[in-house]
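J.: Generate coordinates for the sequence data below:
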Amino acid sequence: MSSPESTGCPNVQMPNRDTLKILQGQKALVTGANSGIGMGVALALGEAGADVVVNYRSKPEVAEQVVEKIKGFGSNALAIHADVSKEDEIQAMFAKMVETFGTIDILVANAGLQRDAPIDEMTLDQWNAVITVNLTGQFLCCREAIREFKRRGVRPEVSCAAGKIICMSSVHEIIPWSGHVNYAASKGGVMLMMKSIAQEVAPHRIRVNSICPGAIRTPINKAAWDTPEAYDKLMKVIPYKRIGEPEDIAHAAVWLASDHADYVTGTSIVVDGGMCLFPGFAENG
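T.: The predicted model follows:
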């Protein structure tokens, strides 16, 4: 339903797929962007035309390689070190980004880690490490991005929205995961944090969504796919019968960050090959 006040989103166009630059002129920040999903997302945003801050905590040489690949697409890029569990480092990173790129249009809060243990053996340090990075770190990044989005407002020549946030969640915001209580709790927290922020900032034309990856071929879960035996076991919980690749998540992120998704906010998009379809019931219904 439309109204006289509804102007839609004139920036939405269907460009030639060979020259797809749907994020042209936008400024993006991806945390944990020097490996795995974060790297895939940073590269895809750069290829889609965005200038990208490549955040990293370790391996600066890999972050610089990502920067060079993004520049090869014709976009600008900058590597910035920051530990997302530390408020002062996040604030310094955002300040450097605004100083260099002028503003931020897209935040992908991706940085995360695991510290696995059975519940009766899990230490407080293991619990705190995961919650602090996976949940508190996303909160801090979202807060800083929203401050800039609200200060600057909508740039209609660039995007219909004042800003776009993509929280990297997991299928484990839905699926319990024994032996990984801290990780599952952090992602469940990300889900309601994202929805609550989205509800609050929607009137400011700020969109907030999550992507929930299933099993993706990244270093963090190498043990689950690196041998034929492990891969075969993994396929028992993936109806689509293949592991996901970082590019699968990256394509979803580009769409969510673009004006093609302008009416999407407060949503968790599950990219999992059907892992959340309770595959154990396929033959036991």
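J.: report the longest strand in this structure, please.
T.: strand 206-213 (DSSP state E).
J.: List the buried residues of the longest helix belonging to the chain.
T.: In the chain, with assignment by DSSP state H, the single longest helix is helix 181-201. Using 16 or more other CB atoms under 10 Å as the test for burial, helix 181-201 gives 181-191, 193-195, 197-198, 201. Every residue, glycine included, has its C-beta placed from N, CA and C.
J.: hmm, who's touching it?
T.: 112, 114-116, 119, 122, 126-127, 129-131, 134-135, 138-139, 142, 146, 149-150, 165, 167-170, 172-173, 175-177, 207-210, 212, 265-266, 268 (CB atoms under 8 Å, 6 or more residues apart in numbering).
J.: Check stretch 156-167 too.
T.: Against stretch 156-167 from outside (CB under 8 Å, 6+ apart): 9-12, 25-26, 104-109, 138, 142, 145-146, 148-150, 152-155, 190, 193-194, 197, 204-211, 253, 256-257, 259, 262.
J.: of those residues, buried ones?
T.: For those, buried by 16+ other CB under 10 Å: 11, 26, 104-109, 138, 142, 145-146, 148-149, 190, 193-194, 197, 205-211, 253, 256-257, 259, 262.
J.: show me where the stretch 101-250 of the chain has strands.
T.: Taking DSSP state E, counting those that start in this stretch as the test, the strands found in the stretch 101-250 of the chain are 106-109, 163-168, 206-213.
J.: need the helices for the stretch 151-285 of the chain, in chain order.
T.: Assigned by DSSP state H, counting those that start in this stretch, the stretch 151-285 of the chain shows helices spanning 181-201, 228-235, 246-257.
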